[in-house]
Structure formats: structure tokens, C-alpha cells
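**Student:** give me coordinates for this.
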Amino acid sequence: MHYKFFLFFLALVTLLAGCKDNTPRPEEKTTSINKPAALLPGCRRCHAEVTLDQHHNLDCVSCHRGDNTATEQQKAHTGLVAEPASPANMAKSCGKCHPKRIQGCAGSLHLSLKKAVNLTRHHFGATDTIDSLTAIPLQEKKPALALVDDMLRRRCLRCHLYNRGDDYPYIKRGTGCAACHLQFSGGRLQSHRFLKSPGDWQCISCHYANHVGADYYGQFEHDFNWEYRTPYTSSEPYLRPYGVELHDLSPDIHQQKGMICIDCHNGKNLQAGQQQSEQKISCLSCHGEPGSWNRPPDIEGLTVDKGKPVFIDHSGHTHVVPMLRNPAHKKYSGRVSCQVCHAQWSFDDYGTYLMRNETDDFDMMERLTVQSSSWVEQLLDHNLNSDEDERDPTMPDGITGKIRPGIWYKGFGRRRWRPIIVRRDDDGILKVFRPILDLHLSAVDSDGQVLFDDLTGNDDGLRPYTPHTTGPAGLFYLDRFKHLLENQKKK
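**Tutor:** Numbering: from 1, shown residues only. As a prediction, the model looks like this:
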């Protein structure tokens, strides 16, 4: 009896196995091959662990070049392109299939950083306008402007698509297209699966350290001085994913609702031409007076459901879009920007002090060894704590990688998130300002001679910006700007 039952059970299992659905799933279609490495063809003989997504299931040489018929590494790597998605290579590699995307990216502010570069250079007296950060002069006739250019190339512009980012776990990334469309973790590439839509991990790998983007998550970077950073710890090594400890403040209401960066800042409006267009994304792109809402053509996800505007985010979740019902919106429309009332807090780093020092006097930086620059931190840690020979005070060019004399140190007069600074912009509208260009530059040569002491720009450095800390206006919103309206009436 038991024997017959066993035969019946065996037949049933065989039948069910034959009925198993073997339809390939999209996520399983291009997983790594499980054959022994010695039996794999070409590049896969050594790189069997590489995984690809279904849209990029190509031979390795299609992007990386080289010779996939060779069996020796030296021959196989002849003509190898290690980073095909980098700005230098992306037109030839990514551009073969995505020509319009590459063309749009080539002229975008994300790639060129043209706006940030010229804003800083003009603040310190430059009269010319350059097209890209790569055009920042290496040799400048005016010594003061040469110092500014050196600061931009070696200290400030580390978050750009030509650079792999600082050596911190959450910041290290790819270059060019890979910076946004490939996943890195702990400084390592996780797979060759290209992401059609970047997540916030990719965005914050550049928009961290008290820049717009970090505030969306309620992140405010601590001061650099060891007395103003918490938690106090004696553990070594101590992990700082973004280089410096963070205060946890109130995140933006849109982030609390589950929206991510690309829900508003999609690929289309980050391309060249869209960023300079008259129709820019703003609060009014979604929110309007009841009964007056029309769907803007550049906002994806907005639609009407039962006569009411709704927004469908990246995950398919539907959000009802609140309308402007408070009488204050109509009363101050065209005179006061939305974030003057609705920003919960803003970045207020008054006095950013930067010094290029070519001497070996490292002891003065003992309290400021955390610098939000892995190169500077590693040099200070070695020269202050190691018994080995001191390293020279040098620093690489963030664009070319070339090492040059002088190390750029950084510090702040004060770092605060309240109160919010409100001023009238050139267009007459009251906006939130921050001391973006409140920069103080100094330089000391190898002999200890002070070349520049507290070089500043043309004004106080306050510039308008949009805090990504949106929330309820609160009861005392009028106290933020009513004095400015009163002063205008007196004039």
C-alpha cells in the first residue's frame, strides 16, 4: 500500500513540475550566467558576476571596447574604455542609442555648472562669461581671480559629472551618465543594471552638505569644529556617510508624502533648453486657485480626477493637489514668493572661510580635521596622527586630477537654520535669501607669507534660493515679511 502511494506521489510531483511556468521574467532575463567561468565566452570568462538589465544586454565590447576574443588580459584590454559613460566617452557609447538625451545633457547646467561658476567668478570681479567648469582658467593674469579659479577647481566643484565624488560611502558615484543611472553603494558599483529613473540616492550624492536637496530630507550639516559635532564618540573608524554628522530637522512635506526628486525634476526639465525656458517648475505649476487649474505641459503626472487635480508620483501613488484657499495667497500674489511663508527652515551659513595654505603647519587644524573633503581629511589625519613621514600640502585639481601645491582648508563663522532671511529681489518680489557667496578667501605661500587675507566679493553674498523645506505656513507667517511691505509704503 505504501509502495503504491509513493508511486502515485512521485507521478504527481512529476506532473506538477511539467506544468511549471517557465516564462522569463524581465528581472530574470539578463541575470549573470551560472556556467563555470572557464566555459564562458570572451569578457565573461573573468567577469562572470556582471549583471545587465534587459535593455542593455549587450556584449561588453559594445561599450567598453577591447577584444572579447582574446584569452589573455593584456590583449583583451587593448583599447579598453574603463568608463564609457563619462563625459569624455558618453557621446560615442551612450549616444549611439540615446543621441537626443546626450545632446540635451551636453548643454545642461547639470553637466556644465555654468551658472554656479559664473555666479562666483562675477562676484569676485570677473568680466568674462565661460561656458563650462572645464573652461575655468588655470592661468589668470589677475592674482585675486586666479585664487578664486583655483578654489573652484580644487575645493568647491567636486560635485560634478566629471568627478567620482569624495571618498565617503554615500557620495562615491560614477561619472557622466553613470552618476545618475547606475547604483553605487559604499563607493562600489553594485551592478550594470541601468536605472531609467534615478532615485534620491543618486541625487543626494551631489546635493548634500547644506545644499538644496539635503534639506528635502531635513538634513543640516554640523559645524566642522570638534566642539560643535555630535554624537561624541571614541570609536575608530567612525562612519560619516556624507563626510560630516547631520542634524535631523523637519523634511519637506512632499518628501513626507513619498515623493522623490524626479517627481518634480524629471529628465525633461533637466535637459538643455528646458532649464532656461520661461516656463519653469514652481509651486504654481501644481497648486492654483480653486477652479483655475490647468495642466501645464511640462509637469508629468498631473491630471484631473472627478474635477479635482491629482498628481501621480513615480510609484503610482495618487496625491490630491491642495488648492490655494487662504485669502493671503491672492492678497500677496506677485509680491511674496511661496517659500517666504511655507519654508520651515533654511540654510544660513554666514561666513564661509577658505584658505589655501602651502606650509607644513598642520597643528593649527587640529580642531578642524573634519573638512567635508576626504582628501583634506586624510592628509590631516596622517600628518597629525601618523608616525610615518609627513605628506606634502598638495591637492588635486577636481577636473584634471593633476596634483598642485597648496591645500584648501575650510571653516565657518556660524552655521544656523533659523531665522529665515527675507529680502526683495531685483524683480521686486520678496524671496528667501541665503549667504551663498559670503566667501572669505586667504592664501599663504610655502614661506609663510600671506598673499591674500580675507578676500571678499562685490557685496554681502546674499542670493535668493528656494528652500526645499515646505510645510504649513503657521500662525505668524506675516511676521517674516510685513516690515518689508511697510518700508515699501513709506518710500
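
**Student:** let me see the contact set for the residue nearest the centre of the chain.
**Tutor:** Nearest to the mean C-alpha position of the chain, by Cα atoms, centre = their mean, lies residue 206 at 2.1 Å. Neighbouring residues of residue 206 by Cβ atoms under 8 Å, 6 or more residues apart in numbering: 159, 160, 165, 173, 179, 213. No exception for glycine: its C-beta is placed from N, CA and C like everyone else's.

**Student:** if we use 10 Å, what do you get?
**Tutor:** 110, 158, 159, 160, 161, 163, 165, 171, 173, 179, 180, 213 (Cβ atoms under 10 Å, 6 or more residues apart in numbering).

**Student:** what's the spacing between it and residue 110?
**Tutor:** 9 Å (Cβ to Cβ, to the nearest Å).

**Student:** quick check: neighbours shared by the two?
**Tutor:** Contacts common to residue 206 and residue 110, judged by Cβ under 10 Å, 6+ apart, are 160, 161, 179, 180.

**Student:** next up, phi/psi of the residue nearest to the centre of the chain, please.
**Tutor:** phi -110, psi -40 (degrees, to the nearest 10).

**Student:** what about the helices in the stretch 51-200 of the chain?
**Tutor:** Per DSSP state H, counting those that start in this stretch, the stretch 51-200 of the chain carries helices over the ranges 61-64, 73-76, 99-106, 109-112, 114-123, 143-151, 178-181, 200-204.

**Student:** most tightly surrounded among those helices?
**Tutor:** helix 178-181 (a mean of 22; mean count of other Cβ atoms under 10 Å).

**Student:** what's the closest of the helices of the stretch 51-200 of the chain to residue 462?
**Tutor:** Checking the helices of the stretch 51-200 of the chain against residue 462 by Cβ to Cβ gives helix 114-123 as the closest, at 11.1 Å.

**Student:** pull the residues that contact the closest one.
**Tutor:** 107-109, 113, 126-137, 140, 145, 148-149, 151-153, 156-157, 159-160, 275-276, 436-439, 456-459, 461, 463.

**Student:** which of the residues you listed count as buried?
**Tutor:** Among the contacts of helix 114-123, those buried by neighbour count (16 or more other Cβ atoms under 10 Å) are 107-108, 113, 126, 130, 132-134, 136-137, 140, 145, 148-149, 151-153, 156-157, 159-160, 436-439, 457, 461, 463.

**Student:** so residue 412 sits in a strand?
**Tutor:** Yes - counting by DSSP: H, G, I helix; E, B strand; the rest coil, one finds residue 412 located in a strand.

**Student:** show me what it is bridged to.
**Tutor:** residue 352 (DSSP bridges).

**Student:** how close does it get to residue 193?
**Tutor:** 40 Å.

**Student:** for residue 129, same thing?
**Tutor:** 40 Å.

**Student:** what's the neighbour count on the residue lying closest to residue 102 once chain neighbours are set aside?
**Tutor:** In space, and not counting its chain neighbours, residue 102 is closest to residue 95: 4.0 Å by Cβ to Cβ, 6 or more residues apart in numbering. Residue 95 sits with 17 neighbouring residues when counted by other Cβ atoms under 10 Å.

**Student:** what residue ranges in this protein score low on pLDDT?
**Tutor:** 1-41, 233-237, 269, 272-279, 291-298, 487-491 (pLDDT under 70).

**Student:** can you list the domains in it?
**Tutor:** What automatic domain parsing lists as the domains of the chain is 39-82, 103-254, 342-490.

**Student:** want to try a markdown table for the ones you listed, with distance to residue 331 as columns?
**Tutor:** Putting the domains of the chain into a markdown table (distance: least, Cβ to Cβ, whole Å) gives the following:
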| stretch | distance to residue 331 |
| --- | --- |
| domain 39-82 | 51 |
| domain 103-254 | 22 |
| domain 342-490 | 10 |
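
**Student:** which of these sits closest to residue 282?
**Tutor:** Here domain 342-490 is closest among those (Cβ to Cβ), at 8.5 Å.

**Student:** gap between the closest one and the chain center?
**Tutor:** Between the centre of domain 342-490 and the centre of its host chain there is 17 Å, according to Cα atoms, centre = their mean, to the nearest Å.

**Student:** stretch 165-184 now?
**Tutor:** On Cα atoms, centre = their mean, the centre of stretch 165-184 falls 9 Å from the chain's centre.

**Student:** and for stretch 240-258?
**Tutor:** 14 Å.

**Student:** export only the CA atoms of that stretch, formatted as CSV.
**Tutor:** Extracted C-alpha coordinates of stretch 240-258, given in CSV (Å, rounded to 0.1, in the frame of the first residue of the first chain):
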residue,chain,number,x,y,z
ARG,A,240,30.2,59.6,8.4
PRO,A,241,28.3,58.6,5.2
TYR,A,242,28.2,62.2,3.9
GLY,A,243,31.5,63.3,5.5
VAL,A,244,30.1,65.3,8.4
GLU,A,245,27.4,64.5,11.0
LEU,A,246,23.9,65.7,10.3
HIS,A,247,21.2,67.4,12.3
ASP,A,248,17.8,65.8,11.7
LEU,A,249,15.3,68.6,11.0
SER,A,250,11.9,68.7,9.5
PRO,A,251,11.8,67.2,6.0
ASP,A,252,9.8,68.7,3.2
ILE,A,253,6.1,67.9,3.2
HIS,A,254,6.4,66.4,-0.3
GLN,A,255,9.1,64.0,0.9
GLN,A,256,6.9,63.0,3.9
LYS,A,257,4.1,62.2,1.3
GLY,A,258,6.5,59.8,-0.5
